[in-house]
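Participant: Sequence first, then the predicted structure, then my questions.
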Amino acid sequence: MALVSTATVASSSYRWDRLFPTARRGRSWRGARSRGGARLAVVARAGGAAAARGRREELVPASAEGGRNTYEVESLIERLSNLPPRGSIARCLETARHRLTLQDFAAVYREFSRRGDWQRSLRLFKYMQRQSWCRPDEHIHAIVIGVLGRQGPALLEKCLEVFHDLPAESRTALSYTSLIAAYARNALHEDARALLDQMKAAGVAPTAATYNTVLAACARATDPPVPFDMLLGLFAEMRHDVSPSVRPDLTTYNTLLAAAAVRSLADQSEMLLHTMLEAGVSPDTVSYRHIVDAFAGAGNLSRVAELFSEMAATGHTPDPSAYLGLMEAHTRVGATAEAVAVLRQMQSDGCAPTAATYRVLLDLYGRQGRFDGVRELFREMRTAVPPDTATYNVLFRVFEDGGFFKEVVELFHDMLRTGVEPDMETCEGVMAACGRGGLHEEAREVLEYMTKEGMVPTAEAYTGLVEALGHAAMYEEAYVAFNMMTEIGSLPTIETYNALANAHAKGGLFHEVEAIFSRMTNNAGIQKNKDSFDALIEAYCQGAQLDDAVKAYMEMRKSRFNPDERSLEGLLNAYCIAGVIDESKEQFEEIKSSVTEPSIIAYCMMLSLYARSDRWTDAYDLLEEMKTNRASSTHQVIASLIKGEYDDSSNWQMVEYALDSSTLEGCDYSLRFFNALLDVLWWFGQKARAARVLDRALKCGLFPELFRDTKLVWSVDVHRMSVGGALVAVSVWLNRLYDRLKGDEDLPQLASVVVLRGEMEKSTITRGLPIAKVVYSFLNDTLSASFHYPKWNKGRIICLKSQLKKLHSAIDSSNGSARAGFVPMANSHLPSPGSKIYTMEAQVDNGVGHLPEESLLEEKESELLAL
């Protein structure tokens, strides 16, 4: 327990009657003695006739002094430290016997105290007891008592032995206070109180530090707690001590205020505040915190604001930390209006707000989702006080949590323009925002800035870069970043591995995901967590390995990870892709029982399943459930979108708002959201609406790999899309192809539809996977054998330049007919219950009927191998 020096505080205006009622004035503080009371009796007998000969105003701290120890002291410490248990201390001191003073020995004890080495301290002390040239003085005794007292109740007997070694006539407040502190530190407050009484009986005058030590021990007592009026009684003894130098100081008042705060004694806290102000003791940050806590516990924070106003009116304006503490108390209970009122009161009281003041409100607004309020308050702050690094870090966290990822990057550039120096927390926060938002170019810029400034990027920073690259389907670049971080010594964490695996999982690259987790487990020794299993389940679902997806879910449960909504939706996705209705309905009910409201993603999965199974009655019942959802307006809007009720411009703005809101959750969620919505719109026959939704997704920065055109290749990449989403994207791309062919553009060497990437590109079984199978069949149903699988890549379906020329000629020969494109993108009427659309007849298996003769294509394909 650290004790501070006391300050003499004279107070002629001390109001005893107000703080201590008359009935309690003569009440003596006497409690039952603890088991250590018998030990203390001998102290009372030995010191009964002693007189106080000196007074130390403070205890010597346990840590070493600020100045560097002398060579002799350092040498002695080293020799004693290397001394074996039965080694001779005399030999250690033999060479320096006449060059060491008691002050040097005190420095040695302080070093051993810092280390907690009480054994060597006690051995050295016993040696000094036997020597006339270095017999310990009271200062040494006090230090040794402090060293032993820190080791727990077991060494309190030894503390008494050291105390008894000091002659009674040599004992002053220093040695007594040291012994009292030893008992107080071990929660023996009654023994500490008894020692204070015996100290007075022995004629040794206590110091303010002595009273503060006993008061703190009593205030901290919990089993049972000391009544607060008894604490006030001890405070009265201190106040009326015969010594004029012993008066309550800041430590005294803070101890009492802390005790009042724990007990939620608001009135007593107010009286103590008035008393300390009248005594000329100015409250500090700790004082105000305790006052606020006391009133918060009593449920009367409004009174604190009144107290601050009264203090300001009498010339005792609280410092900014006082208002900050009150503001934080309001934020803990979400009282935004009251917290803002504290800021306004602070300004009216003439106390200038600090950056910390604004930070509290910025964080509060952010946690409540009031981002316009965050922006407005930040503009106000810039006119009052310059924002610091910590303020920007709060803004980065607030806007990242809110999904405003680009705004985080803009704020980072603003921070650099204003000359505020970012720290590592800043860069990690910006990189995290870039990762969630898929802003890979911005993430690279931040990483370049860190390197230029000599900052070594941490694993958290690289994780953001890997995640951002993954959201753009830049798998190779993500692997390069992953390997780069290991080269510079930033070892990947489980979050890094999960980010890399999740990137590949979105594209169904389950072989790569398995390899990533194998490397994580076998090489790094890191076991999979719940997020790892979620990525594995998604990879298997997107890669059509549905049995493996279910097995991964069961393994997650066996590993004692509780599935959350994401995990339950992953299993539901597997069931829906497999087309098993009963299992899907059961899983959907489990989601309902686990969360407040199933997400739109879960609803869309079930709607797609019902549509593909021609269960239109079930589909319309589920749509009506979404539309009548009173808890979520977004559910209502999406249901109305699917039913075709929001096609007009005014209502479509509501649809765009709902779609844009999904991006605030980050790319991980929004990719799944748009995939599920596009899937249900396609199977419901709402092609035009699906095209508008896809266009919105592209404007939000999703699926950046979707459409890519060069002089050699026109391509559409649908490997990260749902089956329905892929068909929407291919339809839009085919119509764009129609417009370009009609416009007489220079033709590329080939047009390509990417349905798979990664290791699966080399396997011939890809033709049987859902996306590849359906897209291939759709292309050849639309353009009659113009597209085929090349030999050099099984994840692409291509149309050679020769076929594009034929399509171009066919369009020219149509003589400008009114055809809008290759695929009519109209909205169909919703099927009536009982209609058979998708289950009427067996689907073409693998599109075998559309496979062109390979011999006709080999010659042309050989021309493309160089590409």
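Facilitator: Structure's in. What do you need?

Participant: Run through the stretch 251-400 of the chain and note the low-pLDDT ranges.
Facilitator: Within the stretch 251-400 of the chain, no stretch has pLDDT under 70.

Participant: Could you check how far the residue nearest to T458 when sequence neighbours are not counted is from P457?
Facilitator: Nearest residue to T458, sequence neighbours excluded (CB to CB, 6 or more residues apart in numbering): S490, at 5.7 Å. (C-beta placed from N, C-alpha, C; glycine too.) Look at S490 and P457: by CB to CB, to the nearest Å, they are 6 Å apart.

Participant: Tell me which of the two has more neighbours.
Facilitator: P457 (23 against 18; other CB atoms under 10 Å).

Participant: one step back: could you double-check that the residue nearest to T458 lies in contact with T463?
Facilitator: No: between S490 and T463 there is no contact under CB atoms under 8 Å: 9.6 Å.

Participant: in the stretch 701-850 of the chain, which spans are helices?
Facilitator: For the stretch 701-850 of the chain, applying DSSP state H, counting those that start in this stretch gives helices covering 723-742, 770-783, 801-813.

Participant: Which of these has the lowest mean pLDDT?
Facilitator: The stretch with the lowest mean pLDDT among the helices of the stretch 701-850 of the chain is helix 801-813, at a mean of 85.

Participant: Return the distance of stretch 583-596 from the chain's centre.
Facilitator: How far stretch 583-596 lies from its chain's middle: 29 Å, per CA atoms, centre = their mean, to the nearest Å.

Participant: buried set for that stretch?
Facilitator: E583, S584, K585, Q587, F588, I591 (16 or more other CB atoms under 10 Å).

Participant: Give me the distance between K742 and V204.
Facilitator: Counting by CB to CB, the gap from K742 to V204 is 106 Å.

Participant: And the two? Which one has more around it.
Facilitator: When K742 and V204 are compared for neighbours, V204 comes out ahead with 25 against 15, by other CB under 10 Å.

Participant: my guess is the more buried one meets T177, correct?
Facilitator: No: between V204 and T177 there is no contact under CB under 8 Å: 9.7 Å.

Participant: In contact with the residue nearest to T458, which residues?
Facilitator: For S490, the contacting residues are V456, P457, T458, A459, A461, Y462, by CB atoms under 8 Å, 6 or more residues apart in numbering.

Participant: distance between the ends of stretch 381-390?
Facilitator: Start-to-end span of stretch 381-390 (CA to CA, to the nearest Å) is 13 Å.

Participant: Would you format the helices of the stretch 701-850 of the chain as CSV with distance to N82 included?
Facilitator: Compiled in CSV, the helices of the stretch 701-850 of the chain are given as follows (distance: least, CB to CB, whole Å):
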stretch, distance to N82
helix 723-742, 73
helix 770-783, 72
helix 801-813, 84
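
Participant: Out of those helices, flag the one nearest W616.
Facilitator: Nearest to W616 among the helices of the stretch 701-850 of the chain is helix 723-742; the distance by CB to CB comes to 16.3 Å.

Participant: Compute the inter-axis angle for that closest one and helix 770-783.
Facilitator: Comparing the axes of helix 723-742 and helix 770-783 via axes from the mean of the first three to the mean of the last three CA atoms, to 10 degrees yields an angle of 40 degrees.

Participant: neighbours around T521, how many?
Facilitator: T521: 14 neighbours (other CB under 10 Å).

Participant: got a list of what the nearest residue to Q151 once chain neighbours are set aside touches?
Facilitator: Counting by CB to CB, 6+ apart, W118 is the residue found nearest to Q151 once chain neighbours are left out, at 5.1 Å. With contacts defined as CB under 8 Å, 6+ apart, W118 is in contact with F112, V147, L148, R150, Q151, L155.
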